[in-house]
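> Sharing a model that was predicted from the sequence below.
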Amino acid sequence: MTISARVHESAVVPAPVSTVWKKIRAMDFKWWSLVAATSCESSVDQVGSIHVISYKDGSKWTVKLSELSDTDTFLTYELVSSEEPLQVTSAIHTIRLRRITADNTTLVEWTSDYSADVTSAVTEDSRHKKLEAFADLSKSVKA
């Protein structure tokens, strides 16, 4: 894939990395208000596993877990298909956590790399949804 655009957003989540990693690593996105349900055809933490993410707006993505590191607290998944046509051929997403040592909170970084046919509407939508997701993740660790 030739990368045409990268969307990178980050936020501080007020919880230790271990707490945040449990939520991210599960790949169920239960903490994100835009997600209605998820399913997985095999073990959720198996590289190569296929996950289906159903969003509340009715869209549905099938993604493949490409990388997972408990040591470096990150995962990467790539878009395999979508029930509704997307305005991009391919997308690879990485969520990485880093411990902030000063106060034992977590820096969450979410990067999406898109193929050359991506539109600015897709990248802006991605940017805004990441920011909403960070807010939802922060709320979920406080609950």
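Structure's in. What do you need? Numbering: from 1, shown residues only.

> wait, what's in contact with residue 141?
Residue 141 makes contact with 13, 14, 15, 19, 20, 23, 31 under the criterion Cβ atoms under 8 Å, 6 or more residues apart in numbering. Where you see a C-beta, it was placed from the backbone N, CA and C, and this is true even at glycine.

> Please narrow the residues you listed to those residing in strands.
Among these, the members found in strands (DSSP state E) are residue 13.

> Need the phi and psi values for the most centrally placed residue in the chain.
The structure's the chain has its C-alpha centroid closest to residue 95; by Cα atoms, centre = their mean the separation is 5.5 Å. Taking degrees, to the nearest 10, you get phi -110, psi 120 for the backbone angles of residue 95.

> Please identify the buried residues of the top helix by length along the chain?
Across the chain, the helix with the greatest residue count (assigned by DSSP state H) is helix 120-142. Neighbour-count burial for helix 120-142, with 16 or more other Cβ atoms under 10 Å as criterion, is recorded at 122, 123, 126, 129, 130, 133, 134, 136, 137, 138, 140, 141.

> Strands along this structure, start to end?
Chain-ordered strands for the chain, with DSSP E as the definition, fall at 3-13, 35-40, 50-55, 60-69, 74-82, 91-100, 105-115.

> deepest of those strands, which one?
Using mean count of other Cβ atoms under 10 Å, the stretch among those with the largest mean neighbour count is strand 105-115, at a mean of 20.

> my guess is the residue nearest to the centre of the chain meets residue 106, correct?
No - taking Cβ atoms under 8 Å as the contact criterion, residue 95 and residue 106 are not neighbours in contact, 11.2 Å apart.

> residue ranges with poor pLDDT in the protein?
Using pLDDT under 70 as the threshold, the predicted model of the chain has low-confidence ranges 1-3, 143.

> quick one: contacts for residue 133?
With contact taken as Cβ under 8 Å, 6+ apart, residue 133 is in contact with 32, 34, 110.
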